[in-house]
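> okay, here's the prediction I keep looking at, along with the sequence it came from:
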Amino acid sequence: MLRSHGRYGYSPIVDRPAGTWPGGQGLAVYIALNLEHYAWGEGLVEDLVPGIPQPDVLNNSWREYGNRVGAWRLLELLDSLSLPVTLLINTELYAACPSLIAASRDAGAEIASHGRTNSEHQAGLSEAEERALIGQVTHTITQHEGRPPAGWLSPWIAETERTPDLLHEAGYRYLLDWCMDDQPVWMATRQGRILAVPYPQEVNDSAAIIGRQVGAQDFADMVVDQFDEMLEQSQGGPPLVMGLALHAMIAGQPFRLRALRRALQHIAAQRERCWLTRAGDIASAWGA
């Protein structure tokens, strides 16, 4: 047989029992807003225009636009529509843009871990190095928020063979790295289990707009179609999860924000037919 990770078994969605989320809803919807911080002139990058030598003023300033402008506009939009948000943060932001995290906290956002910075990833780290990184990130969030984070998204969704084990041992209840299902999935670890909450790699502005060059209006159509189809699929069947992944420097650009506004208004207008929530609340409901 082929080598397997052994974290979970195969389970076809059509064989699972019907059920509902809180309020008797079949579809849970959460929005993940990625707030990222990058080093100047070194490390990993997300580029709008690839291939520019360092120091890369164009791409660095494009990324900074997200934290200076884009994130604020996105928070305003979400607040205007009374849409909850899960904030996936690089902890370097506490030093770089503390007022942004404070405003998100005041708006009721869930604060989840997205590593220390997106200038690095975990792949290739030794167990001791990865445990230290997870510990540092967890301590920083706990120190600022008054409680430890429940969820983790690895920078670049890059793991080692031990990442779920170390996250479970560090007290995390769920992770967002695995995109294999439309329901949460319990994953085995060496000392228990951790919940994989679905995180989108298709309805994701980075993968779609930067990776596949999808236009702003087409991305908004993707969001609407994903919501409408999953809402229909969830009626009378197994409860489903729809995630929407946004990045401040991408979705926060004004012309993309205008298109995204249309999609989010569509979802907000149907709040009586779904559960608009946060990733951590989905993990709690599934665990209960």
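Received, thanks.
> next, give phi and psi for the closest residue to L175 other than its chain neighbours.
Spatial nearest neighbour of L175, chain neighbours left out: W152 (4.8 Å); criterion: CB to CB, 6 or more residues apart in numbering. The way it works is simple: take the backbone N, C-alpha and C, and place the C-beta from them, glycine included. Dihedral angles phi and psi of W152 (degrees, to the nearest 10) take the values phi -140, psi 130.
> against E42, how distant is W152?
Summarising the geometry, the distance separating W152 from E42, computed by CB to CB, to the nearest Å, is 24 Å.
> where does the residue nearest the centre of the chain land on pLDDT?
Within the chain, one residue has its C-alpha closest to the average C-alpha position: by CA atoms, centre = their mean, that is A32, at 4.2 Å. Each residue has a pLDDT score; the one for A32 is 98.
> list the contacts for it?
A32 is in contact with V85, T86, L88, L153, L176, Y199, G243, L244, A245, L246, A279, counting by CB atoms under 8 Å, 6 or more residues apart in numbering.
> for it, list each beta-bridge partner.
Bridge pairing for A32 (DSSP bridges) gives the partners T86, A245.
> so how far is G280 from it?
Here the criterion is CB to CB. By it, A32 lies 11 Å from G280.
> kindly report the same for D79.
From D79 across to G280, the span is 19 Å (CB to CB).
> in what helix or strand does Q54 lie?
Of the helices and strands defined by DSSP states H and E, none includes Q54.
> residue contacts, the nearest residue to it once chain neighbours are set aside?
With CB to CB, 6+ apart as the measure, G41 is the residue that lies nearest to Q54, at 4.5 Å, once sequence neighbours are left out. If a contact means CB under 8 Å, 6+ apart, then G41 has Q54, P55, D56, N60 as its contacts.
> try 10 Å
Applying CB atoms under 10 Å, 6 or more residues apart in numbering to G41 gives the contacts P53, Q54, P55, D56, V57, N60.
> and P53, how many neighbours?
6 (other CB atoms under 10 Å).
> which pLDDT value goes with it?
Predicted confidence (pLDDT) for P53: 90.
> list the contacts of it.
Contacts of P53 were listed using CB under 10 Å, 6+ apart, and they are G41.
> can you list the low-confidence ranges for the chain?
Screening the chain residue by residue with the criterion pLDDT under 70, one finds no matching range.
> all the strands of this protein, residue numbers only.
27-35, 86-89, 110-113, 151-152, 174-175, 185-189, 192-196, 240-247, 275-277 (DSSP state E).
> which one of those lies closest to C97?
strand 27-35 (8.1 Å; CB to CB).
> could you list the buried residues of that closest one?
Using 16 or more other CB atoms under 10 Å as the burial criterion, the residues of strand 27-35 that qualify are L27, A28, V29, Y30, I31, A32, L33, N34, L35.
> for the residue lying closest to the third one once chain neighbours are set aside, give me its contacts.
By the measure of CB to CB, 6+ apart, the closest residue to V29 outside its immediate chain neighbours is M242, 4.8 Å from it. The contact partners of M242, by CB under 10 Å, 6+ apart, come to 27-31, 182, 198, 200, 203, 223, 226-227, 229-231, 234, 267, 274.
> select only the buried ones of those residues in PyMOL?
Restricted to the buried members of the contacts of M242, where burial is judged by 16+ other CB under 10 Å, the PyMOL selection command reads as follows:
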select buried, resi 27+28+29+30+31+182+198+200+203+223+226+227+230+231+234+267+274
